[in-house]
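**Student:** What follows is a predicted structure for the sequence shown.
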Amino acid sequence: MNTIRFQIRGRFGHFLRAEANASAPSYPVPPRTALLGLIGAILGLPKDVPQKNLEPAEIALSGPMPQTHWHKAKLRKVVPGALPLVVKHTQKTGKQTEPEKATLIGQEWLINPRYTVWASLPDEYHSDFEERVRDHRWHFNPCFGISEHMADVEYEGSVETKPLPAGLQLVRTILPEAIGDLEMGLVFQDELILHSLRLPRAVSVERVFTHANYILERNAKPVPIKTSHAFQAGDAVITFL
């Protein structure tokens, strides 16, 4: 299997948690569905199309958990009133034609997010995607969750990825919980900081999401796990989301 390795980075990011209601907390990493959307933007696929046309893509992700900042975002409930065409000298400066009817919500932003991605796409998209990332060109600007948070994409190479035999592996990427058992002795010895995450993995045309449980090391250190689902991708041992 051939995989394309590239880095994505930006100033801010926001990946809305599925369970969010009034406030807007963010996942610390882009879910697989968000990565499919980013790849689709580079290829020029319309919204909601990548999550269907790019399956069955294989995607792996590595990166430290970024710091976060809570930002107040103004959400307008109605379109604000139009400005008057004629301004009179008797007009009061504080007068508004329509009440603003806006609300402020807290939105969690990721600060300086950066991740390494390995991607193997269906044959009809794989070569085109690699050429675009290598040439630093895309149809739509890739973003970190919302369009205002632009992402830069840097090509790092194309590597042959081969499955590894079952056994203890030091995996550099985010781990699906179901693929094996952690070697807890080495986890404590290396003082790893592990987080358990439930992230969207796939989405249907009707916008119905399926989720999976993952393990993330806070500083992107290799995690020891006994598994038969690891792959050697160049100098890194990875698992797919």
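**Tutor:** Good, I have the coordinates.
**Student:** Show the contacting residues for Leu43.
**Tutor:** Applying Cβ atoms under 8 Å, 6 or more residues apart in numbering, we find Leu43 in contact with 50, 125, 128-129, 132, 138-139. In this view, the C-beta of every residue, glycine as well, is placed from N, C-alpha and C.
**Student:** and the least confident of the residues you listed?
**Tutor:** Of all the contacts of Leu43, Pro50 has the smallest pLDDT value, namely 84.
**Student:** Show me the residue at the heart of the protein, geometrically.
**Tutor:** For the chain, Pro30 is the residue whose C-alpha lies nearest the centre (Cα atoms, centre = their mean; 1.9 Å).
**Student:** any idea how far it is from Leu36?
**Tutor:** Distance, Pro30 to Leu36, by Cβ to Cβ, to the nearest Å: 10 Å.
**Student:** Buried by neighbour count, from the contacts of Leu43: which ones?
**Tutor:** Neighbour counting over these (16 or more other Cβ atoms under 10 Å) leaves 50, 125, 129, 132, 138 as the buried ones.
**Student:** Any chance of CSV for those residues, columns distance to Asp181 and secondary structure?
**Tutor:** Listed next are those as CSV, based on distance: Cβ to Cβ, whole Å; DSSP: H, G, I helix; E, B strand; the rest coil:
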residue, distance to Asp181, secondary structure
Pro50, 33, helix
Tyr125, 35, helix
Phe129, 34, helix
Arg132, 39, helix
Trp138, 40, coil
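**Student:** Now compare those residues and name the two farthest from each other.
**Tutor:** Pro50 and Arg132 (13.8 Å; Cβ to Cβ).
**Student:** residues in contact with the helix or strand of the chain with the lowest mean pLDDT?
**Tutor:** Every helix and strand in the chain was compared by mean pLDDT, DSSP states H and E; the lowest is strand 68-76, with a mean of 78. Applying Cβ under 8 Å, 6+ apart, the external contacts of strand 68-76 come out as 24, 26, 28, 100-111.
**Student:** do stretch 168-177 as well
**Tutor:** For stretch 168-177, contacts defined as Cβ under 8 Å, 6+ apart pick out 29, 60-62, 118, 183, 196-197, 212-216, 220, 222-227, 229-230, 236-241.
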